[in-house]
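In: Build me a model from this:
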Amino acid sequence: MKKYIFLFISISLILNCFGQTSVTYFDNGMKKFNQNNFKESIIDFTKAIKLNPNYADAYLKRGTAKNKLEDFWGAAIDLTKSIELNPNNYKSYANRAISKSSVNDLNGAISDFNKAIELKPEDSMLYYTRGSGKGRLMDFSGAIMDFTKAIEYSPNNALFYSTRGFTKYQLKDYRGAIADCTKAIDLDPVDCTSYTTMAQANDRLENYLDAIINYTKAININPKDGNMYILRGFDKMQINDKNGACLDWSKAGELGVLEAYNYIKDYCN
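Out: All right, here's what the predicted structure looks like:
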């Protein structure tokens with residue numbers, strides 16, 4: 001009888017140590033992960049998995065770390081295993097969607113985002129990232145629907161308005177693009193992308209003075225972007241400010257945009 005009691009206690013102790021050790025490695029991995037030390041975190045998550053091959057969260061975090069290191073195929077394998085072990089964790093689908101998107105499996109990514117949203121329908125970032133995938137597939141209307149849903153859940157996120165504005169620009173809804181980018185700038189006054197989108201939309205509406213103002217704002221935020229000077233130069237030509245246009249193209253040339261010298265040759269000499 002004592003023999004069996006001893007055996008039972010020994011097995012219990014081994015199982016207890018087994019559980020604690022795998023969790024300890026996982027916790028160590030999480031500390032490193034949160035410090036952006038992804039390579040070292042993968043080592044700890046791997047040790048946790050060796051001790052507990054059914055540790056779904058360890059596969060999830062190791063896959064997420066691999067995504068951070070741009071090992072997208074390896075990440076997808078880990079995240080698939082995480083889903084097999086725990087099919088109700090939306091984070092596994094969302095991170096696998098990132099892996100798929102990064103290797104241009106956009107339809108596969110959207111399918112994973114669909115599942116993640118089914119599990120976590122109030123997560124605004126899931127709609128935003130799915131919308132970005134739809135945009136890459138040229139499904140601009142579908143993308144706008146997702147960005148709109150993201151805004152419903154996070155109405156103060158400048159990025160959501162900015163991206164929806166750019167997508168509206170793609171659909172030639174120039175006034176809608178300007179409205180969204182204006183809201184984005186209200187939320188984030190140094191949003192260079194929104195100023196640029198507004199400028200291009202105003203170009204299409206032949207509002208050249210407004211476009212010049214928008215490009216000037218973008219240049220003030222990012223003064224080393226030579227392309228902004230090129231575009232502002234063309235708008236200045238539209239309002240017969242030839243000298244201003246030539247100065248902008250000269251500045252673009254100084255910043256390394258060599259095509260600027262062709263414009264100077266054609267329009268300024």
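
In: Show residues contacting stretch 230-245.
Out: Outside stretch 230-245, the residues that touch it by Cβ atoms under 8 Å, 6 or more residues apart in numbering are 199-200, 203, 206, 208-209, 211-212, 215-216, 219, 246-249, 252, 257, 259-260, 263, 267-268. C-betas here are computed from N, CA, C, even on glycine.

In: again, only this time at 7 Å
Out: With contacts defined as Cβ atoms under 7 Å, 6 or more residues apart in numbering, stretch 230-245 is touched by 199, 203, 208-209, 211-212, 215-216, 248-249, 252, 257, 260, 263, 267.

In: ditto for stretch 56-65
Out: Residues outside stretch 56-65 that contact it (Cβ under 7 Å, 6+ apart): 26, 29-30, 33, 38, 41-42, 45-46, 48-49, 75, 78-79, 81-82, 85-86, 89, 91-92, 95.

In: Mark which of the residues you listed are buried, thanks.
Out: 26, 29-30, 33, 38, 41-42, 45, 48-49, 75, 78-79, 81-82, 85-86, 89, 91-92, 95 (16 or more other Cβ atoms under 10 Å).

In: residue ranges of the helices in the stretch 51-200 of the chain, please?
Out: Secondary structure of the stretch 51-200 of the chain, counting by DSSP state H, counting those that start in this stretch: helices at 56-68, 72-85, 90-102, 106-119, 124-136, 140-153, 158-170, 174-187, 192-204.

In: quick check: angle from the fifth one to helix 158-170?
Out: Between the axes of helix 124-136 and helix 158-170, defined by axes from the mean of the first three to the mean of the last three Cα atoms, to 10 degrees, the angle is 20 degrees.

In: tell me the mean pLDDT for helix 124-136?
Out: On average, the pLDDT along helix 124-136 is 98.

In: Summarise which helices and strands it is packed against.
Out: Judged by 3 or more Cβ pairs under 7 Å, 6 or more residues apart in numbering; DSSP states H and E, the packing partners of helix 124-136 are helix 106-119, helix 140-153.

In: Of the contacts of stretch 230-245, just the buried ones, PyMOL syntax please.
Out: A single PyMOL command suffices to select whichever of the contacts of stretch 230-245 are buried according to 16+ other Cβ under 10 Å:
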select buried, resi 199+203+208+211+212+215+248+249+252+257+260+263
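
In: In the contacts of stretch 230-245, find the pair that's most separated.
Out: 209 and 257 (23.5 Å; Cβ to Cβ).

In: Show me the shaky parts of the protein.
Out: Across the chain, residues meeting the criterion (pLDDT under 70) sit at 1-20.

In: coming back round to it: same list, the helices of the stretch 51-200 of the chain, but as a markdown table with distance to residue 225 please.
Out: Shown next, in a markdown table, are the helices of the stretch 51-200 of the chain (distance: least, Cβ to Cβ, whole Å):
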| stretch | distance to residue 225 |
| --- | --- |
| helix 56-68 | 28 |
| helix 72-85 | 30 |
| helix 90-102 | 26 |
| helix 106-119 | 28 |
| helix 124-136 | 22 |
| helix 140-153 | 25 |
| helix 158-170 | 17 |
| helix 174-187 | 17 |
| helix 192-204 | 8 |
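
In: For residue 227, find the nearest of these.
Out: helix 192-204 (9.1 Å).

In: by contact count, what packs against the closest one?
Out: Using 3+ Cβ pairs under 7 Å, 6+ apart, helix 192-204 is in contact with helix 158-170, helix 174-187, helix 208-221.

In: can you list the helices and strands packed on helix 124-136 in CSV and add distance to residue 54 and mean neighbour count?
Out: Formatted as CSV, the helices and strands packed on helix 124-136 follow (distance: least, Cβ to Cβ, whole Å; neighbours: other Cβ atoms under 10 Å):
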stretch, distance to residue 54, mean neighbour count
helix 106-119, 20, 19
helix 140-153, 34, 20
